[in-house]
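Chemist: With the input below, show me the fold.
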Amino acid sequence: MGHQTYDGNLKVTFLTALADPAAPSAAELNAGTDLQGDITPDGFAEGFDNAMVDNSSLASTFDSEQVGRSKPNISITYQTLNDDGTPSDAASVLTYRASGWLAVRRNKSESTAYAAADVVTVYAVEVHRPMPANAAPNETQKATVQLASTTDPNIDVTAAA
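Modeler: Model (predicted):
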């Protein structure tokens, strides 16, 4: 039995308006700008920098620790221009200091609209300065941008109707 790939099964949407990030509505999610068509195949990086807290004592002969804070670490590499020379959707919305929300849905066709009961992760973000890629033969023009997480993320929340 095979395993599901990311190919075509990851939807990444930038939103400028969202009433409740813990329960985004399908209508709000669908009103955002889908970015997956501009993101390079390996251009979506999402993870956490995890800190540990030392809780050992002078009496210990081993170091022990417990879980500390986590910090979302998100970057996107995207195509900057369409064939006609106009900015891509990603280049249009991922501008320096733009703020909004990034919604991520997995395991469902990216071409399927958001629906009630979809499971999404929602990050409140501010966009850092896009860094253009170095010129190279046989490459499209692209840029990479870091996204700062401005509040606690809403991980695996269910979209409302």
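Chemist: what ranges do the strands span in the chain?
Modeler: Using DSSP state E, the strands of the chain run over 10-15, 33-34, 39-54, 65-79, 99-106, 119-127, 131-132, 142-149, 154-158.
Chemist: Turn the ones you listed into TSV, including mean pLDDT.
Modeler: Shown next, in TSV, are these (pLDDT from 0 to 100):
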stretch	mean pLDDT
strand 10-15	98
strand 33-34	98
strand 39-54	95
strand 65-79	96
strand 99-106	98
strand 119-127	98
strand 131-132	97
strand 142-149	98
strand 154-158	97
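Chemist: Nearest to T112, out of those strands?
Modeler: For T112, the closest of the strands of the chain is strand 10-15, at 7.9 Å, according to Cβ to Cβ. The way it works is simple: take the backbone N, C-alpha and C, and place the C-beta from them, glycine included.
Chemist: how far does the closest one sit from the chain's center?
Modeler: In terms of Cα atoms, centre = their mean, to the nearest Å, the centre of strand 10-15 is found 7 Å from the chain centre.
Chemist: got a list of contacts for that strand?
Modeler: Strand 10-15 is contacted by residues 24, 28-29, 31-36, 39, 44, 76, 93-94, 100-106, 108, 110, 112, 114 when judged by Cβ atoms under 8 Å, 6 or more residues apart in numbering.
Chemist: again, but for stretch 38-52
Modeler: With Cβ under 8 Å, 6+ apart as the test, stretch 38-52 has contacts from 7, 10, 12, 36, 65-79, 88-91, 104, 142, 144.
Chemist: filter these to the buried ones?
Modeler: With burial judged by 16 or more other Cβ atoms under 10 Å, the buried subset of the contacts of stretch 38-52 is 10, 12, 36, 72, 74, 76-79, 88-91, 104, 142, 144.
Chemist: Quick check: I74 touching T121?
Modeler: No. I74 is beyond contact range of T121, at 10.2 Å (criterion: Cβ atoms under 8 Å).
Chemist: which parts of stretch 129-145 are buried?
Modeler: For stretch 129-145, the neighbour count (16+ other Cβ under 10 Å) marks 130, 142-145 as buried.
Chemist: Equivalent analysis for stretch 79-97, please.
Modeler: Buried, per 16+ other Cβ under 10 Å, within stretch 79-97: 79-80, 88-91, 93-94.
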